[in-house]
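Engineer: Could you look at this predicted model? Sequence included:
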Amino acid sequence: MSRTHANRSGLLALCVTLSLGLAACGEPPGRPTGTPPAAVDPGVLVTDFVGRLKPTDPYRNPDADERRAARKAMTLLLAKDRAGLDEASGILAGLGFTASRGHDLQTGRDYALFVTGAGGERPWGLIMMDLSQPVRLAVEVPHPNSDLHTEDVGLRLFRAVPGSIMLVAGAHRRAGNQQADAAHNPDGLFHLVSDRFARNKINQIQLHGFAEQSLPDEEVVVSNGQKRSNPALRRTADALAGAGFVTCRAWSTRCGELEGTTNTQAEAARKQGAVFLHLEITWVVRRDEDRRAALVEALAAADLPHA
């Protein structure tokens, strides 16, 4: 059995065990009209996916044909009328993604999910899109299972802001001799998808984690990879500080090596004139579930979808 098949089988086995339904724990895109999506907890799916990512896994970037297909799929996905959702699902399936739809009982909203097999030949990620309204915020997790619990912060924020789309890298940052570091790989699928967000002027927030000793006097670092701010950055920093988080504002003070100045998605967004927020979170906050919840509450209050 190939590793890709084994990983997909493992995901299906999880679904069967939890009695969650079809395909990748949801209904396939082409379900009969009027049939409600399966009630599936996306938190289980995201946690299982991230937990399978290992630094010893192989990794490769998509080739030119795969990149063209991915760009077309994202154009269809991000269309406001959603008319191309089924076509996009088919294209992504051809790129190794398992496509499904589900219903999140926690939010009461439907979502579409696209996920590749961890450790497989095409380990390119997880995309989850809220179907309740057009996409207006992209929540990104570039270093899953490395910057621990950032996927939980991302999932909570996805749920807190209707119209969100969540992008999780498909490999550990050290996979493929560190080629898989999504935040610094301009040739990866993660970057391609993020660039589509920027070109569509969808605000992005990218979640990172740092060790306490890296910046011991701060809990979060708000930046955009540049030495100047914008209203979204200032609102975010104000909301976090107002919620009691010790906040370093990278446009007005030094924040160590945590300012996102080498982040490839930040640079792509800058070129497109799009809003990009780079958020570093200390381990002291990330390890505490209550503080993660408080962090997300503050972020949701910062009106992230607006410039």
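Structural biologist: Cool, got the structure.

Engineer: Not counting sequence-adjacent ones, nearest residue to the residue positioned nearest the centre of the chain?
Structural biologist: Central residue of the chain (C-alpha atoms, centre = their mean): Leu167, 2.5 Å from the mean position. Ranked by C-beta to C-beta, 6 or more residues apart in numbering and with sequence neighbours excluded, the top spatial neighbour of Leu167 is Glu140, at 4.8 Å. C-betas here are computed from N, CA, C, even on glycine.

Engineer: residue ranges for the helices of the stretch 51-200 of the chain, please.
Structural biologist: For the stretch 51-200 of the chain, the helices defined by DSSP state H, counting those that start in this stretch occupy 64-77, 85-94, 150-160, 189-199.

Engineer: just how off-centre is stretch 220-230 within its chain?
Structural biologist: 19 Å (C-alpha atoms, centre = their mean, to the nearest Å).

Engineer: After the helix or strand where Asp238 lies, heading C-terminal, what element do we hit next?
Structural biologist: Here Asp238, judged by DSSP states H and E, is contained in helix 231-242. Next helix or strand after helix 231-242 toward the C-terminus (DSSP H and E): strand 247-249.

Engineer: Tell me the spacing between Pro123 and Ala294.
Structural biologist: Going from Pro123 to Ala294 by C-beta to C-beta, to the nearest Å gives 33 Å.

Engineer: Show me which of the two is the more surrounded one.
Structural biologist: Pro123 (27 against 16; other C-beta atoms under 10 Å).

Engineer: Surely that one touches Thr116?
Structural biologist: Yes. Under the contact definition of C-beta atoms under 8 Å, Pro123 touches Thr116, with a separation of 5.8 Å.

Engineer: which residues do these two both contact?
Structural biologist: Gly170 (C-beta atoms under 8 Å, 6 or more residues apart in numbering).

Engineer: Which residue lies closest in space to Ala39, excluding its sequence neighbours?
Structural biologist: Nearest one to Ala39, counting by C-beta to C-beta, 6+ apart, is His103 at 4.8 Å.

Engineer: Distance check, that neighbour against Arg156.
Structural biologist: Counting by C-beta to C-beta - His103 and Arg156 are separated by 18 Å.

Engineer: for Met166, same thing?
Structural biologist: In terms of C-beta to C-beta, Met166 sits 10 Å off from Arg156.

Engineer: Comparing those two, which residue is more hemmed in?
Structural biologist: More crowded of Met166 and Arg156, by other C-beta under 10 Å: Met166, with 24 against 21.

Engineer: Next up, the contacts around that one.
Structural biologist: 46, 126-129, 138-141, 154-155, 158.

Engineer: in the sheet, who's paired with it?
Structural biologist: Counting by DSSP bridges, Met166 is bridged to Met128, Val139.

Engineer: can you give me the strands for the stretch 1-150 of the chain?
Structural biologist: 38-39, 98-104, 109-115, 126-130, 137-141 (DSSP state E, counting those that start in this stretch).

Engineer: circling back to that earlier point, out of the contacts of Met166, which are buried?
Structural biologist: Neighbour-count burial (16 or more other C-beta atoms under 10 Å) applied to the contacts of Met166 gives 46, 126-129, 138-141, 154-155, 158.

Engineer: which one of those sits closest to Ala183?
Structural biologist: Glu140 (8.8 Å; C-beta to C-beta).

Engineer: Test my guess that the closest one contacts Ile205.
Structural biologist: Yes. The pair Glu140 and Ile205 passes the contact test of C-beta under 8 Å, sitting 6.9 Å apart.

Engineer: re the thing from before, among the contacts of Met166, which two are most distant?
Structural biologist: Of all pairs drawn from the contacts of Met166, the greatest distance, 15.5 Å, lies between Val46 and Ala138 (C-beta to C-beta).

Engineer: quick one, what contacts the residue lying closest to Arg228 once chain neighbours are set aside?
Structural biologist: In space, and not counting its chain neighbours, Arg228 is closest to Trp251: 5.5 Å by C-beta to C-beta, 6+ apart. Each residue near Trp251 by C-beta under 8 Å, 6+ apart is listed here: 223-224, 226-229, 233.
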